[in-house]
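J.: Quick one: sequence and predicted model below, then my questions.
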Amino acid sequence: MRTVAAIPAIGLLAGAAFGLLVPDIPLAVGYLVLLACTVMAWLAWRGWWAIGLACAVGMAFFVGGAMLSVDAWRKAWRPTLRVVFEDIARAQRAEAASEGRRLPEDDEAFVTVSGVLRADAAPVASGVSLSIDVDSIDGGSTGPALRIEEIESVRRPGPVDPASPAGSVSGGILVTVVGSLGASRVEEWRAGRYVRMPVQLRRPSRYLDPGVPNHERALARRGTTLVGTVKSGALVEVAARGHWWDERVGEARSFARQTIATAVGRYSPRSAAIVTAIVIGDRAGLDQDVERRLQEAGTYHVIAISGGNIAILAGLILGVFRFAGLLGRGAAAATIVALVAYASLVGGGASVDRATLMAVVYLASRAFDHRSPPLHALTVVAAVLVATDPLVVTDPAFLLTCGATLAILVTVPVATAWRLPRPTVPVVMMFMMSVAAEAMLFPIGATVFSRVTCAGLGLNFLAIPLMGIAQIAGMALVPAAIVFAPLASAIGWLAHLGAEGLVRSADLVQFAPFVTSRIGPPGWLVVVLYYSAVCAWWMLWRRRATITGASETRGARSTRRGTAALAAGAAVWILAEPQAIVASRGDGRLHVTFIDVGQGDAAVVRFPRGSTLLVDTGGLSASSTFDIGDRIVGPTLRAIGVRRVESVALTHGDPDHVGGASSIVRDFRPREVWEGIPVPRSAPLTALRLQSEASGARWKNVYGGHQVSIDGVVVAAWHPKPADWERQRVRNDDSLVLEVRWKEVSILLTGDIGRSVESALAVAIPPAPLRVLKVPHHGSLTSSTRDFLQALQPDVAVFSVGRSNRFGHPAPDVVQRYRNVGAAIFRTDQDGAVTLETDGTSIHLRTFTGRELSLP
């Protein structure tokens, strides 16, 4: 077996994944199994039993990988920083309670932190983002002051106070510096520098919905355990500079940003942002729309520094050496040094480190004449990456990189064996590699990104050369700017052409939208079946191609064809989503899911015969770039089997109700969009109306008295009345109030109405044997009057509120009012998504966290 490293590598990868699936494995059991594997391996080696030795080695690395990942996850999820933060938060909560103040239910703490910047500051819509490795946290009078035991004076002069209580914390935080001063200090906050600042720390946002990844756990796997906010850039103190190397590469990155912004930005700021991302990996300036278009086109990979970029750089360096007549080990060693320096310059990062390590292993093996197969280098690199960071097995970028590389490595020998006309070889090779990569990666893309695209098969022929132009020109203009500024400007024009061509090539998807689609994540069983069938087919095909040839037996031929058919069937299953087809026909029951969208509203109604109505779409503040429709509401809809939304109802135009609507209109193609009283001066509503009409949806104003029957279920609007004057702004009391009534069950969706509207509805809405009420205005004191609740007599009250929201919703007095009328309380901040299903005479509720209730 030439690729002998595959045995321990596969064992290590599988073990690391298993350890994360079963993180409660006692380490003592692992040590016992590891000892047994060692004994088995020794006996097999003594007895010349090759298969037994391979199994023992593979199992030993499997157990070792599991133990490594279990230990790594425990440290990532509960670092000392998290433990100390929770202690400080409890102390501050107790202090607030003693003073009669009410704090959010989620842990929060106002502390002073000190630590090292892990990356350069990145401008974001809400301020400036800082990623910090914390080594000191001070909770003031409510908590301990903890420092690392000794800080090297060369690296961090000044911050050490020998009189301070000694100790240590470890863990990463992600901080947003708000205010106008942050932008002017971005250049001061470079990777490697030691900073100190007062921060309002909290747990990361998390949305407890089906189909939505756990953002808090994902951040923990990347080394970030808490997030926070600093009120002003003036509060961030740079206590010490970094190492000399960190300072030099920081200056180089800053110069590269400024040079690209000047030389390329004069033609197009968008092109400058793309070239900056390709050259130094800084994607802070990229427009979200550009990123989405490249993802749809299947060419987003070209703007992330990874294997292709490193390969181009290595090829350029080796080409220079070849031109100079300098080849051999010296050229390989110099190329390795240059690649490592470049990886350090761009600030590292998982994808950069992976690509650089692969290139270094390959060049080193060639330099020392170690002519092992490329697959051997891939398995070694994968094993090293997992051994050093076991949590990397959950990183989609790691899976995509290794999967694409594996597909290319097994395809190239096949293509080179064909006798093709020389001019067609590059085209055929690129096409085959694209097909192989797409076939290898599309289940991963469907699982992680809920997107499948085959546009890249053709567009890569444009995107990769254009990326090469942008990268080479972008790298060349930086030194050119030092020598002769007009030359840098001319080269910048070439970089602009490459970047602009890259974006324009993605626009071709608009002429064939069927080549890209959003689908729900497939089940693990069908994914495992697909990859198992593909591997079995490839091994049988390779055996036929290299060993048996035309003498392949009938049984082997049938098996090979059967595995190909099985792989094709699994692929069709993933793409066709039969479970969604079944769900679209309905099950004869009415389902309502109140989605956890944080401090906002979104509820999806699925009718007995499969029709769907989405009421509000959640959203964050206007300054946030987080697309809650694409990241939260959309995945939830796909997870529950919704692929088409017939109607979207917007209760009113506040950002927390309509912020996710644009993505929903784009991806779920509603036939109608309902609005209450129009607000012509509302820019978000105007933009959404234009988008809806362009997509073919009917924009409809719905007022009190409107009624429609959907699959036998009555949907009635109780408010608002038509306006007698033009609204200049969005008003809560103009909220569209909808009642979904089926037989004995009434579900009332109230938007953000206040007392005056409630008093009118209290006498207008008829009673119902079973009533579920979406609490008005998130449980604000301005709503949910006693008269309103006495009139409606809700059996269930659902509060759609955000964790640790700054409004104090829901107000304790309001919650008590609902308890006083006998309503069962459900809260999205505590229960996650709340799903109701009914046959019209009874109700069953279940939550994402496992609560259940049946009525009557």
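T.: Noted; the coordinates are in hand. Source: prediction; values computed, not measured.
J.: Please make it C-alpha for all contacts and neighbour counts, starting now.
T.: Will do.
J.: And the helices in the stretch 1-150 of the chain, which stretches?
T.: In the stretch 1-150 of the chain, the helices defined using DSSP state H, counting those that start in this stretch lie at 6-21, 27-46, 50-77, 80-98.
J.: any chance of these in JSON lines, plus mean neighbour count, mean pLDDT and distance to Arg217?
T.: Below are these laid out as JSON lines (neighbours: other Cα atoms under 10 Å; pLDDT from 0 to 100; distance: least, Cα to Cα, whole Å):
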{"stretch": "helix 6-21", "mean neighbour count": "23", "mean pLDDT": "89", "distance to Arg217": "12"}
{"stretch": "helix 27-46", "mean neighbour count": "16", "mean pLDDT": "86", "distance to Arg217": "22"}
{"stretch": "helix 50-77", "mean neighbour count": "22", "mean pLDDT": "90", "distance to Arg217": "7"}
{"stretch": "helix 80-98", "mean neighbour count": "18", "mean pLDDT": "88", "distance to Arg217": "13"}
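J.: Tabulate these (JSON lines), appending distance to Ala436.
T.: Shown next, in JSON lines, are those (distance: least, Cα to Cα, whole Å):
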{"stretch": "helix 6-21", "distance to Ala436": "20"}
{"stretch": "helix 27-46", "distance to Ala436": "36"}
{"stretch": "helix 50-77", "distance to Ala436": "27"}
{"stretch": "helix 80-98", "distance to Ala436": "43"}
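J.: what is the rounded mean pLDDT of stretch 806-826?
T.: For stretch 806-826, mean pLDDT is 93.
J.: Could you list the domains of the protein?
T.: Under the assignment automatic domain parsing, the domains of the chain span 6-77, 80-242, 249-386+457-518, 395-454, 524-576, 581-846.
J.: if we can go back for a sec, ok, which of the helices of the stretch 1-150 of the chain comes nearest Leu318?
T.: helix 6-21 (29.2 Å; Cα to Cα).
J.: Run through the neighbouring helices and strands of the closest one.
T.: Helix 6-21 is packed against helix 50-77, helix 374-388, with contacts defined by 3 or more Cα pairs under 8 Å, 6 or more residues apart in numbering; DSSP states H and E.
J.: the inter-axis angle of the first one versus helix 6-21?
T.: Translated: helix 50-77. Relative orientation of helix 50-77 versus helix 6-21 (axes from the mean of the first three to the mean of the last three Cα atoms, to 10 degrees): 40 degrees.
J.: Run the angle between helix 50-77 and helix 27-46 for me.
T.: Calculated by the same axes, to 10 degrees, helix 50-77 forms an angle of 160 degrees with helix 27-46.
J.: Which strands and helices lie in contact with helix 50-77?
T.: Other helices and strands packing on helix 50-77, by 3+ Cα pairs under 8 Å, 6+ apart, are helix 6-21, helix 27-46, helix 215-221, helix 374-388.
J.: next structured bit after the shortest one?
T.: Elements were assigned by DSSP states H and E; along the chain past helix 215-221, the next helix or strand is strand 224-230.
J.: chain center to that next one, what's the gap?
T.: Distance of strand 224-230 from the chain centroid (Cα atoms, centre = their mean, to the nearest Å) equals 17 Å.
J.: what does that strand contact?
T.: Residues external to strand 224-230 that are found in contact with it (Cα atoms under 8 Å, 6 or more residues apart in numbering): 76-77, 79, 82, 171-178, 197-204, 216, 219, 236.
J.: Give the partner strands of it in its sheet and their orientations.
T.: Applying DSSP bridges, strand 224-230 is found paired with strand 172-177 (parallel), strand 194-202 (antiparallel).
J.: what's the most buried one of these?
T.: Of all those, strand 172-177 carries the top mean neighbour count, a mean of 25, counting by mean count of other Cα atoms under 10 Å.
J.: where does Gly458 land on pLDDT?
T.: pLDDT, read off for Gly458, is 82.
J.: Out of the strands paired with strand 224-230, the one nearest Arg589 is which?
T.: strand 194-202 (40.4 Å).
J.: What average pLDDT does the closest one get?
T.: 94.
J.: now stretch 257-272
T.: For stretch 257-272, mean pLDDT is 92.
J.: which parts of it are buried?
T.: Going by neighbour count (16 or more other Cα atoms under 10 Å), the buried part of stretch 257-272 is 257-265, 267-272.
J.: Pull out the C-alpha coordinates of that stretch and format them as CSV.
T.: Only the C-alpha atoms of stretch 257-272 are listed here, as CSV (Å, rounded to 0.1, in the frame of the first residue of the first chain):
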residue,chain,number,x,y,z
ARG,A,257,-4.3,47.9,2.4
GLN,A,258,-3.6,51.5,1.7
THR,A,259,-1.8,50.8,-1.5
ILE,A,260,-4.5,48.6,-2.9
ALA,A,261,-7.2,51.1,-1.8
THR,A,262,-5.3,53.9,-3.7
ALA,A,263,-4.2,52.0,-6.8
VAL,A,264,-7.4,49.8,-7.3
GLY,A,265,-9.9,51.9,-5.3
ARG,A,266,-9.6,54.8,-7.7
TYR,A,267,-11.3,52.6,-10.3
SER,A,268,-13.7,50.8,-8.0
PRO,A,269,-14.0,50.5,-4.2
ARG,A,270,-15.6,47.1,-4.7
SER,A,271,-12.7,45.9,-6.8
ALA,A,272,-10.3,47.2,-4.1
